[in-house]
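Asks: Predicted model and sequence follow; I will ask about them next.
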Amino acid sequence: MKPSRLKAGDEIRVIAPSRSLAIVKGEQRRLAEERLMELGFKVTYGNTALVHDDFFSNSIEDRIEDLHNAFRDPNVKGIFTAIGGYNANQLLRYIDYDLIKENPKVLMGYSDITAILLAIYKKTGITTYSGPHFSTFGMKAGLEYTMEYFNKAVLQVEDFYLDPSETWSDDSWHLEQDDRTFHTNSGYMVIQEGEATGTIIGGNLCTINLLQGTEYMPSLKDSILFIEDDEESHPFSFDRDLQSLLQLPDAIGIKGIVIGRFQKESGMTDYALQEIIATKKEINGIPVIANANFGHVHPFVTVPIGAKAVMNVKNGKVTVNVLS
């Protein structure tokens, strides 16, 4: 079940189910709101989006209330998370999934928000969106590709291909907007070739693994698995996190894997990643690609969790088609 596509005139509600919006600089918030208003959206905020405690988050009760209010309000058509963090999974037991199922809306974020996106998809069957936070729209430069794929996934109704961006950047743009470094993108790295069709499941790998053994973990059967990790990951942790995921009973049904580009501080190299994948006998014979525009390295695509995708990886050439 897919929520209605967004359009000009719709109200977007910004909530902070993980870290508080207060952590985002005021100028970045202003630019993000301005960008969304230029698209024709009206931007409103959860009542406690700027409230924070010693951990720069907020109480479970307040975060849940803002989430429920956003789904309950008939004027709100899209819900964007402020930023990621570490504790979004605290909310899963307290979410009113029936309320959400009765009021399907575009819900979008990434990183720690993966826990909420997957839980809602599992519990309701509603497509959720691994894509930019509200704060992401406050990036001064290098946002064009991210905006393009946000439009394709959330505003338009056609199928679309995930083509690599021309450049990528892994600098701390949120700290210094005017000191950016962009690298030429050499495209996807092909690790294993093949063809696959499946349901998109994925997000931040270490966050996905928080859901293992819980009622909030979606099935991996017949899936195209999209995974990425941040600068706190490294080759050893990625290896065991992926291995843990592949030991789930339904992981045998994974049809293909798309791995997002790693941040430089992770220490992951193309060689190390190829060696890690070579040890995963569970995924022999399925297409695996890496260095995708997905995750913490900018720019990145918006991926609809629960949508169908088709991978074709042959003779070193890659196509990934997301079906509407």
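Replies: Great, that's in hand.

Asks: mind listing the helices for this structure?
Replies: Applying DSSP state H to the chain gives helices spanning 26-38, 60-72, 97-102, 114-124, 144-150, 205-208, 235-246, 270-278.

Asks: Turn the ones you listed into a markdown table, including distance to Asp222 and mean pLDDT.
Replies: C-beta here means a position set from N, CA and C on the backbone, and glycine is covered the same way. Shown next, in a markdown table, are the helices of the chain (distance: least, C-beta to C-beta, whole Å; pLDDT from 0 to 100):
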| stretch | distance to Asp222 | mean pLDDT |
| --- | --- | --- |
| helix 26-38 | 35 | 96 |
| helix 60-72 | 28 | 98 |
| helix 97-102 | 22 | 98 |
| helix 114-124 | 14 | 98 |
| helix 144-150 | 24 | 98 |
| helix 205-208 | 17 | 98 |
| helix 235-246 | 15 | 97 |
| helix 270-278 | 20 | 97 |
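
Asks: Nearest to Asp159, out of these?
Replies: Counting by C-beta to C-beta, Asp159 lies closest to helix 144-150 out of these; the figure is 13.0 Å.

Asks: Which strand in this protein has the most residues?
Replies: Determined from DSSP state E, the single longest strand within the chain is strand 194-204.

Asks: so Ile79 makes contact with Met108?
Replies: Yes: counting by C-beta atoms under 8 Å, Ile79 does reach Met108; the two are 7.3 Å apart.

Asks: okay, the helices of the chain in JSON lines with mean neighbour count next?
Replies: Shown next, in JSON lines, are these (neighbours: other C-beta atoms under 10 Å):
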{"stretch": "helix 26-38", "mean neighbour count": "16"}
{"stretch": "helix 60-72", "mean neighbour count": "19"}
{"stretch": "helix 97-102", "mean neighbour count": "14"}
{"stretch": "helix 114-124", "mean neighbour count": "24"}
{"stretch": "helix 144-150", "mean neighbour count": "19"}
{"stretch": "helix 205-208", "mean neighbour count": "23"}
{"stretch": "helix 235-246", "mean neighbour count": "17"}
{"stretch": "helix 270-278", "mean neighbour count": "15"}
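
Asks: could you dump those helices to CSV with distance to Asn89?
Replies: Shown next, in CSV, are these (distance: least, C-beta to C-beta, whole Å):
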stretch, distance to Asn89
helix 26-38, 25
helix 60-72, 11
helix 97-102, 15
helix 114-124, 4
helix 144-150, 25
helix 205-208, 8
helix 235-246, 15
helix 270-278, 26
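
Asks: Which of those sits closest to Phe182?
Replies: Here helix 144-150 is closest among the helices of the chain (C-beta to C-beta), at 11.0 Å.

Asks: Quick one: residues contacting the closest residue to Met37 other than its chain neighbours.
Replies: Once flanking residues are discounted, Met37 sits nearest to Val43: 6.4 Å by C-beta to C-beta, 6 or more residues apart in numbering. Shown in contact with Val43 (C-beta atoms under 8 Å, 6 or more residues apart in numbering): 11-12, 14, 33, 36-37.

Asks: do you know how far the closest residue to Gly253 other than its chain neighbours is from Asn291?
Replies: Distance criterion C-beta to C-beta, 6+ apart; nearest residue to Gly253, sequence neighbours excluded, is Lys221 at 3.5 Å. Relative to Asn291, Lys221 is positioned 27 Å away (C-beta to C-beta, to the nearest Å).
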